[in-house]
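Visitor: dropping the sequence and predicted coords here.
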Amino acid sequence: MNAEKPILSVLRGTVTSTPPVWFMRQAGRYLPEYRALRAEKGGFLDLVYEEASAAEVTLQPLRRFGFDAAILFSDILIVPHAMGQTLTFTAGEGPRLSPRMDEEPLSGLTPVPERLQAIYRTVATVKADLSPAATLIGFAGSPWTVATYMVAGEGSKEQASARLMAYGNRLRFQELIDEIVRVTADYLAGQVAAGAEAVQLFDSWAGSLAPAEFERWVIEPTRTLVEALRERCPGVPVIGFPKGAGAKLPDYARLTGVDAVGLDETVDPAWAHRALPEGLPVQGNLDPMALLAGGAPLTDAIRRIKSELADRPHIFNLGHGISKDTPIAHVEAALTEIRR
């Protein structure tokens, strides 16, 4: 059955005339059916931790659009929640974690690993209802990005608190990174055991680091995590998405051991094809704003990406998450053009 799944075939190195496709954040606020369910269920965490509802949200975009993959509906901050931080989501303000790890030692947290169990049940529920041709992708945040939230207690534009801690208290920051790696390996292995067929590591803030810091806090922890997954889940592809890595992308691809690299919208696909290891699958990288704009700019952008990556294993995706204001008609038009 797996041999017939287009995304798994590409992740194994197959070049296809028409790339399989899924969109980051394809399950979420741009869909009216999601907004209706969210209004019924209330808080975001309530939705994530209720497996029937989370599975429904995961499957909604596949029913509507026929994407080639389902991406688990969850959040990267489930890992720090399981590590013992308090996690809340406030409308208009985003997630909050407490206590902050620049103020509290890691030993002050009491782990709550049972918080991961509902996520595994969601994966199993989705897998039972998924089309045989579609791939189920699990995910987690990469260690560096998760650490930035744990240190600051919230998202930030420059990740200054984490960067400062990484320079000023290297041993304590390394301890935090190591524990995130350990818990994330358990978490992803649990998703695979429940039915995930591939996993993606989201490193949303990889682009904020100087080169030497990037090597220490992005490449090395990711390599350790990938090696742990190889040992525990042999044959399960790992997609790495280091947003903002830019010129450091080839080193990331070569040194981390990921099976595929996600390209954000700032990466020139032609450059990526030249610079990345030969035959390495890539994923991306339509600008979400082009999808929001629609029309000729959207069509032109899709054709350019398909052309420049035509000779490489390629999964079509966005360069980052879909905008909540994206019209349904634009997604339909994009899929028609991608599959033309």
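Guide: Yep, it's here.
Visitor: centre of the chain to stretch 314-324, how far?
Guide: 10 Å (Cα atoms, centre = their mean, to the nearest Å).
Visitor: and if you look at stretch 149-167?
Guide: Here stretch 149-167 is found 20 Å from its chain centre; the criterion is Cα atoms, centre = their mean.
Visitor: what about Val226, how many residues nearby?
Guide: Neighbours of Val226 under the rule other Cβ atoms under 10 Å: 19. No exception for glycine: its C-beta is placed from N, CA and C like everyone else's.
Visitor: that one against Gly257, yeah?
Guide: Yes: between Val226 and Gly257 there is a contact under Cβ atoms under 8 Å: 4.5 Å.
Visitor: common neighbours of these two, please.
Guide: Val238 (Cβ atoms under 8 Å, 6 or more residues apart in numbering).
Visitor: let me see the contact set for the nearest residue to Pro113 once chain neighbours are set aside.
Guide: Residue nearest to Pro113 in three dimensions, not counting chain neighbours: Ala82, with 5.5 Å by Cβ to Cβ, 6 or more residues apart in numbering. The contact partners of Ala82, by Cβ under 8 Å, 6+ apart, come to Pro111, Val112, Pro113, Arg115, Leu116, Val183, Tyr187.
Visitor: buried residues in stretch 332-340?
Guide: Buried positions in stretch 332-340, judged by neighbour count with 16 or more other Cβ atoms under 10 Å: Ala333, Ala334, Leu335, Glu337, Ile338.
Visitor: give me the mean pLDDT for it.
Guide: Taken as a whole, stretch 332-340 has an average pLDDT of 97.
Visitor: who touches that stretch?
Guide: Everything outside stretch 332-340 that qualifies as a contact, by Cβ under 8 Å, 6+ apart, is 18-19, 21, 65-66, 286, 291, 294, 298-299, 302-303, 306, 316.
Visitor: please save the CA atoms from it in PDB.
Guide: Presented in PDB, the C-alpha positions along stretch 332-340 are these (Å, rounded to 0.1, in the frame of the first residue of the first chain):
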ATOM      1  CA  GLU A 332      -8.900  25.100  -5.500                       C
ATOM      2  CA  ALA A 333      -7.200  27.100  -8.400                       C
ATOM      3  CA  ALA A 334      -3.800  26.400  -7.000                       C
ATOM      4  CA  LEU A 335      -4.400  22.600  -6.800                       C
ATOM      5  CA  THR A 336      -5.800  22.600 -10.300                       C
ATOM      6  CA  GLU A 337      -2.600  24.300 -11.600                       C
ATOM      7  CA  ILE A 338      -0.200  22.100  -9.500                       C
ATOM      8  CA  ARG A 339      -1.900  19.000 -10.900                       C
ATOM      9  CA  ARG A 340      -2.200  20.200 -14.400                       C
END
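Visitor: give me the most central residue, the protein.
Guide: For the chain, the residue sitting closest to the mean C-alpha position, by Cα atoms, centre = their mean, is Phe202 at 3.8 Å.
Visitor: give me the three-state assignment for that residue.
Guide: Three-state call for Phe202 (DSSP: H, G, I helix; E, B strand; the rest coil): strand.
Visitor: list the residues that contact it.
Guide: Residues near Phe202 by Cβ under 8 Å, 6+ apart: Ile76, Phe139, Ala140, Gly141, Ser142, Thr145, Phe241, Lys243.
Visitor: so which of the residues you listed is the closest to Ala27?
Guide: Phe139 (11.6 Å; Cβ to Cβ).
Visitor: got the phi and psi for that closest one?
Guide: Backbone geometry at Phe139, expressed as degrees, to the nearest 10, gives phi -160, psi 170.
Visitor: for the closest residue to it other than its chain neighbours, give its distance to Gly138.
Guide: Excluding its sequence neighbours, the residue lying closest to Phe139 (Cβ to Cβ, 6+ apart) is Gln200, at 4.5 Å. Relative to Gly138, Gln200 is positioned 8 Å away (Cβ to Cβ, to the nearest Å).
Visitor: next one: Thr86
Guide: Counting by Cβ to Cβ, the separation of Thr86 from Gly138 is 24 Å.
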